[in-house]
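> whatever this is, show me its structure:
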Amino acid sequence: MYAVIGLGNPGSKYKGTRHNVGFDTIDCIAQRNNVKITKIKFKAVYGETQIGGEKVLLVKPQTYMNRSGESVLEVYNFFKIPLENIIVILDDVDIKFGSLRIRTKGSAGTHNGMKSIIYLLQSDNFPRVKIGVGKPNEHQDLADFVLSGFSKDDRICVDSTIEQAAKAVEKIITNGINTAMNEFNINIDSPGI
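Predicted structure coming up:
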């Protein structure tokens, strides 16, 4: 069994922002697997599906970003899912815009949602799929930046990355994280990605 956790903030005010690409990826996976994200429990909205013969929960925490760990901990405690089967999808300001990076574990960096998850799970030993959302300019507040939207052209690029992220998550579940990393981490620093 797997839990795929897309990070974001609930409410129409935050829809389409940089911080919500995790939610967008959950929606993309749900669409690809014909699943509805309508169940309410674990301080989240979620749906259940099968991918590669595995039961998979698609989860969008509704706690606001800084408290994402509360929802993840409830899912973890209820289903007793191994940490390596909890896949977190998040925005990342520290990788190239529009790139995708899969990691087996690691620190939270500047991401408050990840800080909350690592703190409450008492471990950073779970996979994550990071989507590059660009960097703020030197005079821009990080919080303001990640809560901002994309230009039309940037949105097209990010939507393409979100689709790749959805495929990467499916690949992690069906073929393992190393296979997914080999396939999807190849273009991290290529120009135009």
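> burial of Leu126, as a residue count?
Quick fix: residue 126 reads Phe, not Leu. Phe126 is flanked by 24 other residues according to other Cβ atoms under 10 Å. The C-beta positions use only the backbone N, C-alpha and C, and glycine is treated the same way.
> centroid residue for the chain?
Closest to where the C-alpha atoms of the chain average out (Cα atoms, centre = their mean) is Ile89, at 1.3 Å.
> I'd say it and Gly22 touch.
Yes. Counting by Cβ atoms under 8 Å, Ile89 does reach Gly22; the two are 4.3 Å apart.
> overlap in contacts, those two.
Shared contacts of Ile89 and Gly22 (Cβ atoms under 8 Å, 6 or more residues apart in numbering): 5-7, 131.
> can you tell me the closest non-neighbouring residue to Leu83?
Leaving out its chain neighbours, the residue that sits closest to Leu83 by Cβ to Cβ, 6 or more residues apart in numbering is Phe126, at 4.6 Å.
> who's sitting farthest from the centroid in the chain?
Largest separation from the mean C-alpha position in the chain: His139, at 27.0 Å (Cα atoms, centre = their mean).
> list the residues that contact Lys55.
Contacts of Lys55 were listed using Cβ under 8 Å, 6+ apart, and they are 1-2, 48-49.
> quick one: which of these is nearest Ile102?
Tyr2 (14.3 Å; Cβ to Cβ).
> so what pairs up with that closest one in the strands?
When assigned by DSSP bridges, Tyr2 has beta-bridge partners Val56.
> rewinding a little: what about the residue nearest to Leu83, which SS state?
What DSSP: H, G, I helix; E, B strand; the rest coil gives for Phe126 is coil.
> most neighbours of all the shared contacts of Ile89 and Gly22, which one?
Gly6 (31 neighbours).
> now do the same contact list for it.
Counting by Cβ under 8 Å, 6+ apart, Gly6 makes contact with 22-27, 58-60, 89.
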